[in-house]
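A.B. asks: output the structure for:
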Amino acid sequence: MAYNYDNFDARHYDLAQFRGPKPGTRAPDFDVVTPDGTAANVLDFDAEFLVLEMGSLTCPLFQGRRKGMARLDAEFPDVSFAILYVREAHPGEKIGAHRTIADKTSCAQRLERDEGEARRILIDDLGGEVHEAYGGYPNSVFIINRGGCVVWASDWNDTAATGRALRLLKAGKPANVRSIFKPVAPQVSLRTLGKGGRGSGADFLRSFPSLIWNNLIRRNLRVLLGRPAGIAPDTSC
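C.D. replies: Numbering: from 1, shown residues only. Just a heads-up that it's a prediction; the model follows:
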């Protein structure tokens, strides 16, 4: 299937197995750009930790987590926070699939300029090379230490769990934190899909039963029955 799909389908994602870098492994580094065109690298940060989240304008989960992530950004001024702008999760008539890198850049600029996103935004290439290296999910999150090692990760961002993980890591302890998948409020989904425009909501609804089964039930059971990876905050890899 094409990376920048025109119509969302749950089959675009391997919901049975997240393939992003696991805690204790090295975080992939890539050349990226910021919304103003400045060249950067994913792992270009000076803080003790980087919190890297995947997101797009049309992802209800990402949009629903933004206030919580802003609170964490304020709580941890000595931690770097960044968003990797990826493909549109639910493209529609108003915000469609990216055809050019200019399309992708325009969406990232809109997130920053019109929606007031204060975290640093990094723009993936058109084919999603960076996104795929980080597992390809629409709203995963990774905490990376200064040495470039992943010390905590979740295929779906839960801001409460991300905050607990950061507090443990800042205290010098492994982040033995489970991150449970939680849907966002219906009004957030409706607002976000409305921004995407015609087709965005219909495609989401068609895949809704699969998303509930794979994420809210199967995925959460795997997490609850599993054991979180306990990786030291200063681990080397």
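A.B. asks: ok now stretch 66-78, how far from the chain's centre?
C.D. replies: 15 Å (C-alpha atoms, centre = their mean, to the nearest Å).
A.B. asks: all numbers from here: first residue = 13
C.D. replies: Sure thing, new numbering starts at 13, so read that last one as stretch 78-90.
A.B. asks: what's the pLDDT at residue 13?
C.D. replies: For residue 13, the model assigns a pLDDT of 67.
A.B. asks: show me the longest helix that occurs in the chain.
C.D. replies: For the chain, the helix with the greatest residue count under DSSP state H is helix 72-87.
A.B. asks: please enumerate the strands of this structure.
C.D. replies: All strands of the chain, identified by DSSP state E, fall at 43-45, 51-53, 61-67, 92-97, 132-135, 153-157, 162-166.
A.B. asks: which of those sits most buried?
C.D. replies: strand 162-166 (a mean of 27; mean count of other C-beta atoms under 10 Å). C-betas here are computed from N, CA, C, even on glycine.
A.B. asks: which helices and strands does it pack with?
C.D. replies: strand 153-157, helix 171-182 (3 or more C-beta pairs under 8 Å, 6 or more residues apart in numbering; DSSP states H and E).
A.B. asks: what's the mean pLDDT across the last one?
C.D. replies: The predicted model assigns helix 171-182 a mean pLDDT of 98.
A.B. asks: quick one: low-confidence parts of this protein?
C.D. replies: The chain contains residues with pLDDT under 70 at 13.
A.B. asks: for the residue nearest to residue 235 when sequence neighbours are not counted, give me its contacts.
C.D. replies: Spatial nearest neighbour of residue 235, chain neighbours left out: residue 190 (5.3 Å); criterion: C-beta to C-beta, 6 or more residues apart in numbering. Applying C-beta atoms under 8 Å, 6 or more residues apart in numbering, we find residue 190 in contact with 173, 235-236, 238, 240.
A.B. asks: and residue 74, by the same measure?
C.D. replies: 65-68, 101, 150-151, 169.
A.B. asks: tabulate these (TSV), appending distance to residue 214.
C.D. replies: Putting the contacts of residue 74 into TSV (distance: C-beta to C-beta, whole Å) gives the following:
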residue	distance to residue 214
65	27
66	24
67	22
68	18
101	14
150	18
151	21
169	25
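A.B. asks: among the residues you listed, which one lies nearest to residue 112?
C.D. replies: residue 68 (15.7 Å; C-beta to C-beta).
A.B. asks: hang on, the closest one packs against residue 98?
C.D. replies: Yes. With contact taken as C-beta atoms under 8 Å, residue 68 and residue 98 are classed as touching, separated by 5.6 Å.
A.B. asks: which residues are common contacts for these two?
C.D. replies: residue 150.
A.B. asks: which strand residues bridge the residue nearest the centre of the chain?
C.D. replies: Taking C-alpha atoms, centre = their mean, the centroid of the chain lies closest to residue 66, which sits 2.3 Å from it. When bridges are called by DSSP bridges, residue 66 pairs up with residue 96.
A.B. asks: residues in contact with it?
C.D. replies: Per C-beta under 8 Å, 6+ apart, neighbours of residue 66: 74, 95-96, 98, 143, 146, 149-153.
A.B. asks: name the nearest residue to residue 157, sequence neighbours excluded.
C.D. replies: Per C-beta to C-beta, 6+ apart, closest to residue 157 is residue 163, 5.1 Å.
A.B. asks: that neighbour against residue 241, yeah?
C.D. replies: No. With contact defined as C-beta under 8 Å, residue 163 does not reach residue 241; the gap is 9.0 Å.
A.B. asks: what's the overlap in contacts for these two?
C.D. replies: Between them, residue 163 and residue 241 share the contacting residues 35-36, judged by C-beta under 8 Å, 6+ apart.
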